[in-house]
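A.B. asks: how would this look folded up:
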Amino acid sequence: MNNVIDDSKDPQLLNALNDRIRTFLNKQLEGYGLDCGEVYINIVDDPVTLELVSSESLLEVGFACLVQDREPTYVQGLTQAFSKPWTFDEADRIRKPSLYDIEKIMRKLQDEAKYQWSR
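C.D. replies: All right, here's what the predicted structure looks like:
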């Protein structure tokens with residue numbers, strides 16, 4: 001856990017952190033016209049069977065990045081961004097931002113939290 005979160009069981013701290021993450025991510029997504037709570041990172045275990053194994057909103061991904069002090073890394077073909085949870089349907093796929101862009105946004109989030117929020 002990083003120094004942004006001293007006590008991950010404190011509900012007030014978690015709510016404040018969640019609000020900061022939402023604000024930061026939505027600012028990053030402004031140019032795409034997206035909301036972090038409505039973009040989902042969906043992962044399948046096999047590109048042939050497309051059996052879904054994970055689905056998280058960008059807000060959840062951002063929160064996990066900070067709580068677990070980790071950056072997400074995605075495998076092309078097994079991971080995509082969608083406008084709906086628990087789907088791998090091309091009709092629901094979001095092409096911009098790309099997974100690479102999302103990884104960069106999460107790195108920015110970690111840097112922002114580490115160098116700006118923990119002061």
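
A.B. asks: Which helix runs longest in this protein?
C.D. replies: As assigned by DSSP state H, the longest helix anywhere in the chain is helix 11-29.

A.B. asks: quick one: buried residues of the very next helix or strand once past it?
C.D. replies: Going down the chain from helix 11-29, the next helix or strand is strand 40-44, by DSSP states H and E. Buried residues in strand 40-44, counted by 16 or more other Cβ atoms under 10 Å: 40-42, 44. Backbone N, C-alpha and C define where each C-beta goes, glycine included.

A.B. asks: Tell me what the closest residue to Leu78 other than its chain neighbours is bridged to.
C.D. replies: Nearest-residue entry for Leu78: Val44, 5.5 Å, with adjacent residues in sequence omitted and distances by Cβ to Cβ, 6 or more residues apart in numbering. Residues in a beta bridge with Val44, per DSSP bridges, are Leu52.

A.B. asks: wait, Val44 sits on Tyr74?
C.D. replies: No. Assessed by Cβ atoms under 8 Å, Val44 is found out of contact with Tyr74, at 11.6 Å.

A.B. asks: that older thread, show me what contacts the residue nearest to Leu78?
C.D. replies: The contact partners of Val44, by Cβ atoms under 8 Å, 6 or more residues apart in numbering, come to 50-53, 78-79, 88.

A.B. asks: 7 Å instead, please
C.D. replies: Residues near Val44 by Cβ atoms under 7 Å, 6 or more residues apart in numbering: 50-53, 78, 88.

A.B. asks: Arg70 too?
C.D. replies: Neighbours of Arg70 in contact, by Cβ under 7 Å, 6+ apart: none.

A.B. asks: Just the pLDDT at it, thanks.
C.D. replies: Looking at Arg70, its pLDDT stands at 87.

A.B. asks: Which secondary structure state is assigned to it?
C.D. replies: Here Arg70 is recorded as coil under DSSP: H, G, I helix; E, B strand; the rest coil.

A.B. asks: Alright, calling it a day.
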